[in-house]
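> Would you be able to build a 3D model of this:
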Amino acid sequence: MTSAATSSPSTSPVVTTEEVNSDLTVVGGGLAGVCAAIGAARQGARVALVQNRPVLGGNSSSEVRVWVCGATAHGVQHFARETGIMGELFVENQFTNPSGNPYYWDLVVLEAVRAEPNITLYLNTDVRSVDASGPDDDRTISSVTGWQMGSERVLRFVSPAFVDATGDGLVGHLAGAWYRTGRESRETYGESWAPEGPDRSTLGSTILFYSKDAGEPVKFVPPSFAVDIAETSIPDLRPIRIEANGCAYWWIEWGGELDVVADNERIRDELQGAVYGIWDYIKNSGKFDADNLTLEWIGAVPGKREYRRFVGDHTLTQSDVLEQEPFDDRVAFGGWSIDLHPPGGMYASESGSRHWHPDGNYHVPLRSLYSANTRNMWLAGRNISASHVAFGTTRVMATCAVIGEAAGVAAALAVADGVAPRELATERFERVRRALVRADASVLGVLHDDPADLALAADVTASSTLLTLAAETPTATWELADHLGFVVPVDPELDGIWLLVDAAVATTLEVEVHDPDLPQNYVPRELAASASVEVSAGEKQWVRVPVQWRPTSPRNAFVVVRANPDVVVHTSDEVLPGVLTFTHREPSPQEEFTEQWRAWKQVLQRGSVCLRLDAATSAYAPSKAVGGYARPWGGPQMWVSQPVEHDGEPWLALTWSSPAVVGEVAVVLDDDLDEDLINLHHHRTPFDVLPTLVRDYRIEARAGDGAPWVVLADVTDNRARHRRHVLPSPVSATELRMVVTATNGASAARVVSLRAWAAEG
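Numbering: from 1, shown residues only. Reported below is the predicted structural model:
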């Protein structure tokens, strides 16, 4: 016989508080918190990652199901996809989850955290109190305490530093950190998109839904609280489509005129009522062929967009974003538009959103990632120090993630050095910069000059190098009904372009060369050269256009072939490194806030105009893979071999005049940062592994000319961008090389960076 355990009425139940000690506590398990935790852990910090939900990923998780958008802006910005931890998640998800299953995405994020031995994960743990002390302008957090639901545990997290990645900024609020909510006035930061006067309005919250075809008629009886959307402006002003799912209904938004935290329950009820009302309209209005459709999933957790934004040592503003301010302490970048929504959300009479894109990617400074008055609190995600207008772009999740990695790396370094965030950002920033470069994090225009990388002191050679930029095999044609543009790297000069064209009659072809001005931009800003050439009537003519340009430093040229209805340009399926193709359109008068990006739209993404450059190029030289920049910056910034049909096993080698003691070899490979990957279902990329990635390679070393090569690493079936090979014991070598034996589909080997790190200690 068994008996149930009972407690005596005279016994007072006690829940003992357990103390968790670590180097860094990260509160919030969205992508910002995940990347902060992983970034810090990889710097050697012991991290407690605290998440109040049963899954990681925040708004991107299967609980909410929002697309992870970022600097690519759905293809508006170029060579802009995030690297570092967010980049790893994108690339791994592409392989394991090409169809965009929300639950498989959960696994990708969870596996990334579990792979880090320095992270201890606490799910279902809701932080409810913060122990902080000090005067108003100099607060210090000593611990945060939370309740772990289901386990009935009280956990007190103690560490020298904390990352608030809660989204709503709960930790900072309870600690007394300075913050803002709502919209600043136009005069506060001189922002044209700010309102005339300040107010409490924010972006609202959203609940999404999925439907599916059941294969047979399925009825829907709406609940009593379903909103009758026929009585609202929704059918007239918002797109309702039976083939749409999930984040395609991003505009189901409400609560911007309320307090999105205090009124969270009311907002959830209204949003769910709206979803059921929209579904009732689809199923029962008779306006859609929806008999066989059934509701498969509806969110229960509102996806919040905005709440507290903390005050840091720098507040990112509209001008910082649009002018692409090159902060000396830049640690992350974004490229999404300034994307602001009306406070009334789905019931507003105006458009659901308005967008203002910068001409290219902008930078985020480290000074925006910590509290100005709470000396050991770092910021990650949508709560960073930014104005409401600038927040309109930094808030998207991939940008939050790269900001999170930067905050996590910086926090780990600050703890290791025993310094406050402000001191690290202003007096020791070189430490952060070099750590981010070594981690292949998402930074733009940051030079790799770390002397710990022995490759910087080596001579660099290769078995072969791509010297001629050409795509000469035609596969299709493009009519010049509108201007056609293409970007080519110029290093050191442009001295004539050959184009393959058809001409219906004798005509004149006009070509311009424009300077994009900034190294991360792919729009024509300044006219650098122009030329015209007479074209005879005929087909498949190689025509030389005598344009010349020699910029003061390597950069991209935006070449414009002006519209000519008598000319057809041939195109090719050949993919040229660093080359982009665009078509032009004139914006309509109704388009408000029209910027240059709208005039030029990318085409032939996995192909090129048939072209050939006269001048040999150094854009793909072996030296590009050592030091320099680890992502496109005024050119592709990588070594590219001759096609494998001419160089069967391309190699890239480092040679030292005296032996170097190497403890780690790292390679950064080309994962085609112009390919716009996404976690769920906005669009489908047609391959599981990016073809530009090296698939099989060997790392070899030898201790003198004529000595045998020793294999240090032999890799097959690679699908990652950044591979680190930590050697069991340091190796003394005068030569080290990477030998490529196969790619994942590209015609040549592409290596962004080859690094030989000195043995530690």
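
> List of residues touching whichever strand or helix holds residue 297?
In this assignment (DSSP states H and E), residue 297 forms part of strand 293-298. Contacts of strand 293-298 with the rest of the structure, by CB atoms under 8 Å, 6 or more residues apart in numbering, involve 65, 207-214, 218, 220, 242, 272, 275-276, 279, 282-283. Backbone N, C-alpha and C define where each C-beta goes, glycine included.

> Beyond the strand or helix carrying residue 25, next helix or strand please.
If you go by DSSP H and E, residue 25 is part of strand 24-27. With elements assigned by DSSP H and E, the helix or strand that comes after strand 24-27 is helix 31-42.

> buried stuff in that next one?
Taking 16 or more other CB atoms under 10 Å as the basis for neighbour counts, the residues of helix 31-42 that come out buried are 31, 32, 33, 34, 35, 36, 37, 38, 39, 40, 41, 42.

> Equivalent analysis for stretch 744-760, please.
The neighbour-count check on stretch 744-760 (16+ other CB under 10 Å) flags 744, 746-759 as buried.

> now, which of the residues you listed sits nearest residue 601?
Ranked by distance to residue 601 (CB to CB), the buried residues of stretch 744-760 are led by residue 746 at 25.0 Å.

> nearest spatial neighbour of the closest one, skipping sequence neighbours?
Of all residues beyond its chain neighbours, the one nearest residue 746 is residue 692 (4.7 Å), with distances taken as CB to CB, 6 or more residues apart in numbering.

> helix, strand or coil for that neighbour?
Here residue 692 is recorded as coil under DSSP: H, G, I helix; E, B strand; the rest coil.

> okay, now it: neighbour count?
When neighbours are counted by other CB atoms under 10 Å, residue 692 registers 25.

> With the one 4 residues further on instead?
Neighbouring residues of residue 696 were enumerated by other CB under 10 Å; the total is 15.

> Bridging across strands, which residues link to it?
Residues found in beta-bridge contact with residue 696 (criterion: DSSP bridges) are residue 742.

> Distance check, it against residue 650.
Taking CB to CB, to the nearest Å as the criterion, residue 696 is separated from residue 650 by 12 Å.

> for residue 564, same thing?
Residue 564 sits at a distance of 40 Å from residue 650 (criterion: CB to CB).

> More neighbours: these two, which one.
Taking neighbours as other CB under 10 Å, residue 564 and residue 650 compare with residue 650 leading, 27 against 21.

> Just the C-alphas of stretch 333-347, formatted as CSV.
What follows is the C-alpha trace of stretch 333-347 in CSV, where atoms were taken according to Å, rounded to 0.1, in the frame of the first residue of the first chain:
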residue,chain,number,x,y,z
PHE,A,333,25.8,47.1,-38.4
GLY,A,334,22.2,47.2,-39.7
GLY,A,335,20.6,47.9,-43.0
TRP,A,336,16.8,47.5,-42.5
SER,A,337,14.8,50.6,-43.3
ILE,A,338,13.7,53.0,-40.7
ASP,A,339,10.4,51.1,-40.4
LEU,A,340,7.7,53.0,-38.4
HIS,A,341,4.1,52.0,-38.0
PRO,A,342,1.1,54.1,-37.0
PRO,A,343,0.1,53.8,-33.3
GLY,A,344,-3.4,52.7,-34.3
GLY,A,345,-2.0,49.6,-36.0
MET,A,346,-4.4,47.5,-38.0
TYR,A,347,-7.2,50.0,-37.4
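
> to the chain's geometric centre, what's the distance from it?
Relative to its parent chain, stretch 333-347 has a centroid offset of 18 Å by CA atoms, centre = their mean, to the nearest Å.

> Check stretch 97-106 too.
Relative to its parent chain, stretch 97-106 has a centroid offset of 18 Å by CA atoms, centre = their mean.

> wait, what's in contact with residue 308?
When the contact criterion is CB under 8 Å, 6+ apart, the partners of residue 308 are 168, 169, 172, 173, 179, 180, 181, 383.

> Tell me which two of the buried residues of stretch 744-760 sit farthest apart.
Within the buried residues of stretch 744-760, 747 and 759 form the most distant pair, 36.8 Å apart (CB to CB).

> Just the pLDDT for residue 192.
The score at residue 192 is 95. That number is its pLDDT.
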